[in-house]
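Chemist: show me the folded form of this:
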Amino acid sequence: MSLNASASLYPRLLGDVGGTHARFAWGEDAGGAVADIVSYKCAEQASLQEAIARYLAEQGKPRPRACAIGIANPIVGDTVRMTNHHWSFSIAQLKQSLGVQRLAVLNDFTALALSLPALRPSQLRQIGGGSAVAGEAMAVLGAGTGLGVAGLLPVGSAGGAGSAGSASQGGSGNYAPISGEGGHASLAAIDEQEAAVVNCLRQRFGHASAERALSGPGLLNLYQAAAQLAGRPAPLTSPQALIAAAREQRDPDCLAALDLFFRFLGSFAGNLALTYGARGGVYVGGGVVPRLLPELAASRFRERFEAKGRFANYLAAVPTFVIDAAVSPALIGASRALDAAALG
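Modeler: Below is the predicted model of the structure:
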């Protein structure tokens, strides 16, 4: 397709669907900004189709010509069944019911990765490291209802790897997103305390994945493990209550949970930086970490990020950023996925 074909895919409906919230937005034309952003609680909607219908009705929107949905789930076929929510649907049937020319359904962190070249400095909070190297790979992770992971690799003129129809235009060249389910990789311990915590998680869940620690529910898991190891009860039942108690310095197990969270987060982010060669930066999104910026800055996150033996100096130069944006950048990434498909 041509650039004109891409421009014809307007107006467009954009979605960023996680395990807790579904955010929708509208793109009226190629030159306009993402607008009319609304967030719904997934638990209040019977299905994705119902949530979309509600959005279009409440916003008084016509039938879109195109739609792109970033969703917290691997996309491996026509049927999508969410890992951390009960929604499921057929991509083909959704396209037919919406009556759109093009429908793109992609992992939500793939969408977030596609947005990285478009992020403004005001939407980022740097936590350590040097400057991002233009045209180099980037990595993104984020703790929310689950743990999302993706990469953005340079192709063509940016990285010399040849052209790719799925590449997104960035400020310094073309990039292709790399999808994956890295949040379900095994959680690694660095010291004896962390090993004891991982063992608690393994006994409880069978497999101690990174997501069991690095997510909203994961914070609670760490709190419960810390209390178990200390021989104390764990009465708190929400991440919000845990964070409040830690900030008030009134619960040692809540403080231990936050400390463990940032240590595990730093180790995991450092692993991603090495895996992707992410000299363009490692970006942290999701709903949990942007709410904990003061605690993150004072934590051992960067110490653990760089603690990779012979590659400590390599990682010391890699910047880490927290994505702190009022508008979900994944909505912009979803729109870029439609443009990339049209140009392919």
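Chemist: and A150, how far is that from A176?
Modeler: According to Cβ to Cβ, to the nearest Å, A150 and A176 sit 11 Å apart. Any C-beta I mention is one placed from the backbone N, CA and C, and that applies to glycine too.
Chemist: more neighbours: which of these two?
Modeler: A150 (30 against 22; other Cβ atoms under 10 Å).
Chemist: pretty sure A312 contacts E306?
Modeler: Yes. Counting by Cβ atoms under 8 Å, A312 does reach E306; the two are 5.1 Å apart.
Chemist: what comes up buried for stretch 241-258?
Modeler: Buried residues in stretch 241-258, counting neighbours by 16 or more other Cβ atoms under 10 Å, are found at L242, I243, A245, A246, D251, D253, C254, L255, A256, A257, L258.
Chemist: following the single longest helix found in the chain, which helix or strand comes up?
Modeler: Ranked by residue count, the top helix of the chain under DSSP state H comes out as helix 252-276. As assigned by DSSP states H and E, the chain's next helix or strand after helix 252-276 is strand 282-285.
Chemist: off-centre distance for that next one?
Modeler: 8 Å (Cα atoms, centre = their mean, to the nearest Å).
Chemist: can you show me the helices along the stretch 1-150 of the chain?
Modeler: With DSSP state H, counting those that start in this stretch, the ranges of helices along the stretch 1-150 of the chain come out as 3-7, 48-59, 91-98, 108-115.
Chemist: need those helices in JSON lines with mean pLDDT and distance to G129, can you?
Modeler: Putting those into JSON lines (pLDDT from 0 to 100; distance: least, Cβ to Cβ, whole Å) gives the following:
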{"stretch": "helix 3-7", "mean pLDDT": "58", "distance to G129": "35"}
{"stretch": "helix 48-59", "mean pLDDT": "96", "distance to G129": "38"}
{"stretch": "helix 91-98", "mean pLDDT": "96", "distance to G129": "39"}
{"stretch": "helix 108-115", "mean pLDDT": "94", "distance to G129": "19"}
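Chemist: quick one: contacts for Y10?
Modeler: Residues counted as contacts of Y10 (Cβ atoms under 8 Å, 6 or more residues apart in numbering) are G27, E28, D29, A30, R65, A66.
Chemist: how close does it get to T79?
Modeler: Distance, Y10 to T79, using Cβ to Cβ: 28 Å.
Chemist: please apply the same query to E211.
Modeler: For E211, the distance to T79 equals 22 Å [Cβ to Cβ].
Chemist: for G27, same thing?
Modeler: Taken as Cβ to Cβ, the span from G27 to T79 is 27 Å.
Chemist: which of those two has more neighbours?
Modeler: Using other Cβ under 10 Å as the criterion, G27 and T79 rank with G27 on top: 24 against 12.
Chemist: can you tell me the closest non-neighbouring residue to that one?
Modeler: Among residues not flanking G27 along the chain, R12 sits closest, at 4.4 Å (Cβ to Cβ, 6 or more residues apart in numbering).
Chemist: that neighbour contacts K61, correct?
Modeler: No. Judged on Cβ under 8 Å, R12 makes no contact with K61 at a distance of 10.5 Å.
Chemist: of these two, who's got more company?
Modeler: Between R12 and K61, counting by other Cβ under 10 Å, R12 is the more crowded of the two (25 against 15).
Chemist: check what pLDDT the more buried one gets.
Modeler: pLDDT for R12: 97.
Chemist: also the one 3 residues further on?
Modeler: Taken from the predicted model, the pLDDT recorded for G15 is 97.
Chemist: residues near it, how many?
Modeler: Neighbours of G15 (other Cβ under 10 Å): 24.
Chemist: any idea how far L236 is from the residue lying closest to A246 once chain neighbours are set aside?
Modeler: By the measure of Cβ to Cβ, 6+ apart, the closest residue to A246 outside its immediate chain neighbours is C254, 4.0 Å from it. Remark: distance between C254 and L236 (Cβ to Cβ) = 7 Å.
Chemist: again with A317
Modeler: The gap separating A317 from L236 is 39 Å, by Cβ to Cβ.
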